[in-house]
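Visitor: Sequence plus the predicted model coming up.
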Amino acid sequence: MSTHSGKTKRITVPDIAARKGGEPVVCLTAYSAPMAKLLDPHVDLFIVGDSMGTALYGLDSTLGVTLDMEIAHGAAVVRGSSRACVIVDMPFATYQESPEQAFRNGARVMAETGCDGIKLEGGTEMAETVRFLVERGIPVMGHVGLTPQSVNVFGGYRAQGRDEKTAEKILADARAIADAGAFSMVIEGVVADLATRITQAVPVVTIGIGGSPDCDGQVLVTEDVLGIFTDFTPKFVKRYAELGDAIGQAAADYAAEVRARKFPGPEHCYGTKTNNTTS
Ligand code: KIV
């Protein structure tokens with residue numbers, strides 16, 4: 001969509017919210033300006049996920065990601081894109097303490113990145129915080145099911161909602177977040193039937209990752225999709241390219257040419273004014 005000035009109009013939070021039950025929302029993670037620029041024409045929504053901890057920084061979990069990291073990468077994704085709505089993750093321990101802490105840090109993220117909204121993990125226990133933020137002007141995307149910031153409580157990254165008791169709890173979490181005013185929520189790592197039930201039960205857009213095709217949209221971590229991050233591959237990941245192999249091959253070709261003094265060639269070298277082979 002273009003504005004009168006010919007500039008692309010960015011997809012807004014209300015635009016995403018209006019997609020409930022409609023055309024599926026296409027979402028990927030992004031952490032950098034060049035990647036955002038490449039993906040922007042194809043996606044509706046970017047999540048600047050704290051998955052950057054594992055996918056980009058080589059951490060074991062998302063727990064070491066800081067607010068400053070999210071802000072730096074969030075601002076880069078906003079600069080690199082012009083069309084997709086951009087949601088920035090709130091890292092562990094930057095919002096759970098109180099609604100006031102969440103507002104203070106969420107407002108910093110909004111002001112310093114120029115993003116469209118924030119995402120936070122949690123269910124019923126976070127509902128008061130979600131309401132507090134939304135009433136004060138910060139759009140919130142929730143995140144229920146297998147919430148990676150609670151990996152130590154779960155004891156690992158295991159699919160959730162396999163028994164009726166946990167399924168009911170996750171459903172109640174989703175309802176609480178929606179009632180509190182979240183415009184959307186990620187449903188991660190739950191049995192497919194539960195993702196479908198949640199999508200039918202809540203009036204807001206659900207974005208599945210390890211959810212079900214019935215969710216209102218889907219998200220994957222871009223480095224997983226492109227075959228760049230290969231340390232482990234969850235069941236829900238589908239690889240659409242093997243860029244890891246392509247990068248390795250490019251590095252090997254470069255190394256061979258440097259060692260053989262084939263690179264740089266004359267076309268990569270500056271000439272003098274008299275020997276003007278290149279400019
Ligand atoms: O951290 C992340 O990248 C996420 C998305 C995959 C939903 O939370």
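Guide: Perfect, I can see it now.
Visitor: who's the residue in the stretch 151-279 of the chain that the ligand sits nearest to bridged to?
Guide: In the stretch 151-279 of the chain, the residue that lies nearest the ligand is V186 (4.4 Å; C-beta to the nearest ligand atom). Where C-beta positions appear, they are placed from N, C-alpha and C, glycine not excepted. Beta-bridge partners for V186, by DSSP bridges, are H143, I207.
Visitor: Hmm, it is touching V204, no?
Guide: No: taking contacts as C-beta atoms under 8 Å, V186 lies outside contact range of V204: 11.3 Å.
Visitor: Please say which of those two ends up with more neighbours.
Guide: Set V186 next to V204 and count neighbours by other C-beta atoms under 10 Å: V186 wins out with 26 against 20.
Visitor: Run through the bridge partners of the spatially most central residue of the chain.
Guide: In the chain, the centroid-proximal residue (C-alpha atoms, centre = their mean) is I47; its distance is 2.6 Å. Counting by DSSP bridges, I47 is bridged to T29, I87.
Visitor: Tell me who's in contact with it.
Guide: I47 makes contacts with 27-30, 87-89, 119, 141, 186, 219, as judged by C-beta atoms under 8 Å, 6 or more residues apart in numbering.
Visitor: Spatially nearest residue to the residue in the stretch 1-150 of the chain positioned nearest to the ligand, not counting backbone neighbours?
Guide: Sorted by distance to the ligand under C-beta to the nearest ligand atom, the residues of the stretch 1-150 of the chain start with G49, at 1.9 Å. In space, and not counting its chain neighbours, G49 is closest to T29: 4.4 Å by C-beta to C-beta, 6 or more residues apart in numbering.
Visitor: Could you tell me how many residues sit around the one you found?
Guide: Neighbours of T29 under the rule other C-beta under 10 Å: 27.
Visitor: The lowest-mean-pLDDT helix or strand in the chain and the ligand in contact?
Guide: Scoring the helices and strands of the chain by mean pLDDT, DSSP states H and E places helix 151-154 at the bottom, with a mean of 94. No: residues of helix 151-154 contacting the ligand under C-beta under 6 Å from any ligand atom: none, with a closest distance of 12.1 Å.
Visitor: who's in contact with the helix or strand hosting T54?
Guide: Per DSSP states H and E: T54 is located in helix 52-55. For helix 52-55, contacts defined as C-beta under 8 Å, 6+ apart pick out 29, 31, 59-65, 69-70, 73, 221-224, 228-229, 231.
Visitor: run the last query once more with 10 Å
Guide: Contacts of helix 52-55 with the rest of the structure, by C-beta atoms under 10 Å, 6 or more residues apart in numbering, involve 29-32, 49, 59-66, 69-70, 73, 89, 91-92, 148, 221-224, 228-229, 231-232.
Visitor: so where do the strands sit in the stretch 101-250 of the chain?
Guide: Shown for the stretch 101-250 of the chain, the strands assigned by DSSP state E, counting those that start in this stretch span residues 117-119, 140-145, 184-188, 205-209, 217-220.
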